[in-house]
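Chemist: Turn this into a structure:
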Amino acid sequence: MRYFLTVCRLQSITHAAAELHVAQSTLSQTMQGLEEETGLNLFLRTGRHIMMSQDGQRLAQKLSRLLVQVDAVEREVEDMAHRHQRVRLAIPQQQAAFLMPRLLSEFHAAHPEIPLDIVEPYGIEAARLVRDEKADIAVVNSDEQSLPELRYRRVASHPICFTVWEGHPLAARGSISLAEAARIPLAMLSEEFYVTRCALHAMSERGLSPDVRYFSPHLSTLYSLVRHHALPAILYARALAELPGLVALPFAEDLRLTGSILTRKNRQSTRDQRLVIQFITRQLERSADLT
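Modeler: Below you'll find the model as predicted:
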């Protein structure tokens, strides 16, 4: 269509071929093929000059209007692609404490052209956001494949720890048993968090009832309780994110959570999304090697 309209405007195969950066013979064959396909005599030829026939004029008018619509669609597609360059991440608080500083510093420095939209929901809610296509990627502390619409990529496992403050009587210990922890007044995240459900389940299987004095939906509250020597807490090791003043004691029973990266099964990941996934995978695997 664009070739035909260019020939019509310039009334010259030679000049049109030069403007379109195609061989003159190719353009001539294309115009002949168009006439054969449509069954119309589109041009009146006089030597090297050509003029549009009446049929050619009518076709040019229709194609001009059609190309305006095609151009509009192309612009809309470009706008959609530009909006979709933003990578939407759902990272629960415990993973966010470790990943956020690295995403906003190292990843942004390496890929400033990739904007990130990051929310910090509960682990279960993070998975649902991906399922409902409100997030492109979720990073959760569980490989429970409870949503069949999602692809679960297991990345690395990290210990669940009994967290105390420096100077606490247990701080010098290398580990602690679940039975010992159950007898100590402590704080935990609310049961929407995988770490809490995992720890409570492990204690329940052993007939233990922990002395939980406070459940909180906020990781910062648990940090404050431990730092102010109010209560120890059970936390995922990555949630500590090298915070000073805290001592993490792994459980003797080797209680661990497996980090997983979630995406939708029926969606092709973009290049930007793959770069984000590769970065997060490297960070989690590297930290697992150091654990």
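Chemist: What's the separation between residue 149 and residue 222?
Modeler: Residue 149 sits 32 Å away from residue 222, going by C-beta to C-beta, to the nearest Å. For glycine as for every other residue, the C-beta is placed from the backbone atoms N, C-alpha and C.
Chemist: Which one of these two is surrounded by more residues?
Modeler: residue 222 (25 against 14; other C-beta atoms under 10 Å).
Chemist: Which of the three states applies to residue 144?
Modeler: When classified by DSSP: H, G, I helix; E, B strand; the rest coil, residue 144 comes out as coil.
Chemist: show me what contacts it?
Modeler: Residues near residue 144 by C-beta atoms under 8 Å, 6 or more residues apart in numbering: residue 194.
Chemist: quick one: pLDDT of it?
Modeler: Residue 144 carries a pLDDT score of 70 in this model.
Chemist: Outline the domain layout of this protein.
Modeler: By the record's domain assignment, the chain is partitioned as 2-83, 87-290 (automatic domain parsing).
Chemist: Residue 213 contacts residue 185, correct?
Modeler: Yes. With contact defined as C-beta atoms under 8 Å, residue 213 reaches residue 185; the gap is 5.0 Å.
Chemist: Next, show the common contact partners of those two.
Modeler: Common contact partners of residue 213 and residue 185 (C-beta under 8 Å, 6+ apart): residue 231.
Chemist: Can you spell out which helices and strands pack onto the strand or helix carrying residue 260?
Modeler: Take DSSP states H and E as the rule and residue 260 turns out to sit in strand 256-264. Counting contacts by 3 or more C-beta pairs under 8 Å, 6 or more residues apart in numbering; DSSP states H and E, strand 256-264 is packed against helix 123-131, strand 137-140, strand 150-165, helix 194-205, helix 271-290.
Chemist: one step back: please work out which of the domains of the chain is packed deepest.
Modeler: Mean neighbour count (mean count of other C-beta atoms under 10 Å) peaks for domain 87-290 among the domains of the chain, with a mean of 17.
Chemist: Surely residue 55 touches residue 42?
Modeler: Yes. Residue 55 sits in contact with residue 42 when judged by C-beta under 8 Å, with a separation of 6.0 Å.
Chemist: Now do the longest helix seen in the chain: distance to the chain's middle.
Modeler: Using DSSP state H to define each element, the chain has its longest helix at helix 54-83. In terms of C-alpha atoms, centre = their mean, to the nearest Å, the centre of helix 54-83 is found 34 Å from the chain centre.
Chemist: If you count contacts, what does that helix end up packed against?
Modeler: When contacts are defined as 3+ C-beta pairs under 8 Å, 6+ apart, helix 54-83 packs onto helix 2-10.
Chemist: so where's the stretch 151-291 of the chain shaky on pLDDT?
Modeler: Per-residue confidence for the stretch 151-291 of the chain (pLDDT under 70) gives these ranges: 241-242, 287-291.
Chemist: relative to helix 271-290, how tilted is the strand holding residue 260?
Modeler: Relative orientation of strand 256-264 versus helix 271-290 (axes from the mean of the first three to the mean of the last three C-alpha atoms, to 10 degrees): 170 degrees.
Chemist: what pairs with strand 256-264, and is each one parallel or antiparallel?
Modeler: strand 137-140 (antiparallel), strand 150-165 (antiparallel) (DSSP bridges).
Chemist: ok, now which ones touch the most centrally placed residue in the chain?
Modeler: Among the residues of the chain, the one closest to the centroid is residue 137, at 3.3 Å (C-alpha atoms, centre = their mean). The contact partners of residue 137, taken as C-beta under 8 Å, 6+ apart, are 87, 88, 89, 90, 130, 261, 262, 263, 273, 276, 277, 280.
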